[in-house]
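Trainee: sequence and predicted model, in that order:
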Amino acid sequence: MNASDLSTRVSVTVEPSEGSPHVLAAMQLADAVGLPFIAKLDDITTPMTLVRTGDQLELRVLQGDPALVGGHPIAIDLTQLDTRSGPGRALRQPLLKAVGLRKGEPRPTVFDATAGFGEDAWLLASMGCHVTAAERSPVVAALLRDALRRAAEREPTTASLLRVIVGDSITLLRDWPSETPRPSTVYLDPMFPTGRKTAERKPMRVLRQLIGDDVDSAALLTAAIETADRRVVVKRPSRAPTVAGREPTHVQRGKSVRYDVYIV
């Protein structure tokens, strides 16, 4: 979804039963992300709307694909991820091995260039990495920031290690300030190609509608390699081609995805 037509596709509102503090919060959010604030749900004409409830910020699909309209709203809950059990903290997990986490060694700083719903960024932060998560969709970033706010109440240490910013990562990486240390690792999780045999879950289908396919993955990989201090990690479906045909230094494989690692 292009920024120019975002305001015609997504609005901001508040749960009707909520009081004035939440109305003010919804209005401030609408102003911050450049979306129209609609006071009444019945007056909304946009296909999607961000709803400020008493508990969370959620995205509701009101028009379009019948499979996406109605049903459960989309809200991010980072604390549902398993980051506390033994398996959840095992360094043998493919992502952690790809990023270079090793027992007894300092944790790398990570720039997550495609934050999305933030699950991988949260996992890395839970393992002690300082993570900057960049998301180019202000709608997705708003959902992620709200999730981080709520997660901080239960897991403040992990939340303190994760920062969410809004912006185009190609530009952010190319314009990296000379006075700022470069991230040890740049992590990329481009939108997976369509046509997979397994059906996408509703949140991922809505995410695809919001940000579209990652047609600039090749440019993003180049910018990442030019900026990262040690490595770039790219998440891909197991059988998908490499980004731009660029062969990685090595690969860490999971059950349904793999991580292409580029040592720089």
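Mentor: Thanks, I have it.

Trainee: how much space between the residue nearest the centre of the chain and Trp176?
Mentor: In the chain, the C-alpha closest to the average C-alpha coordinate belongs to Gly116, at a distance of 1.9 Å (C-alpha atoms, centre = their mean). Counting by C-beta to C-beta, to the nearest Å, the separation of Gly116 from Trp176 is 21 Å. Yep, even glycine has a C-beta here, placed from its N, CA and C like the rest.

Trainee: check Glu226 too.
Mentor: Distance, Glu226 to Trp176, by C-beta to C-beta: 9 Å.

Trainee: just say helix, strand or coil for the residue nearest to the centre of the chain.
Mentor: Going by DSSP: H, G, I helix; E, B strand; the rest coil, the secondary structure assigned to Gly116 is coil.

Trainee: the protein: strands as residue ranges?
Mentor: Counting by DSSP state E, the segments of the chain that form strands are 10-14, 48-52, 57-61, 109-112, 130-135, 162-166, 185-188, 231-237, 250-253, 257-263.

Trainee: just name the most buried of the ones you listed.
Mentor: Among the strands of the chain, strand 185-188 has the highest mean neighbour count (mean count of other C-beta atoms under 10 Å), at a mean of 27.

Trainee: OK, contacts around the residue nearest to Thr46 when sequence neighbours are not counted?
Mentor: Using C-beta to C-beta, 6 or more residues apart in numbering and skipping residues adjacent in sequence, the residue nearest Thr46 is Ser11, 4.3 Å away. Contacts for Ser11 (C-beta atoms under 8 Å, 6 or more residues apart in numbering) come out as 30, 35-38, 44, 46, 48-50.

Trainee: do that again at 7 Å, thanks
Mentor: The neighbourhood of Ser11, defined by C-beta atoms under 7 Å, 6 or more residues apart in numbering, consists of 35-36, 38, 44, 46, 49.
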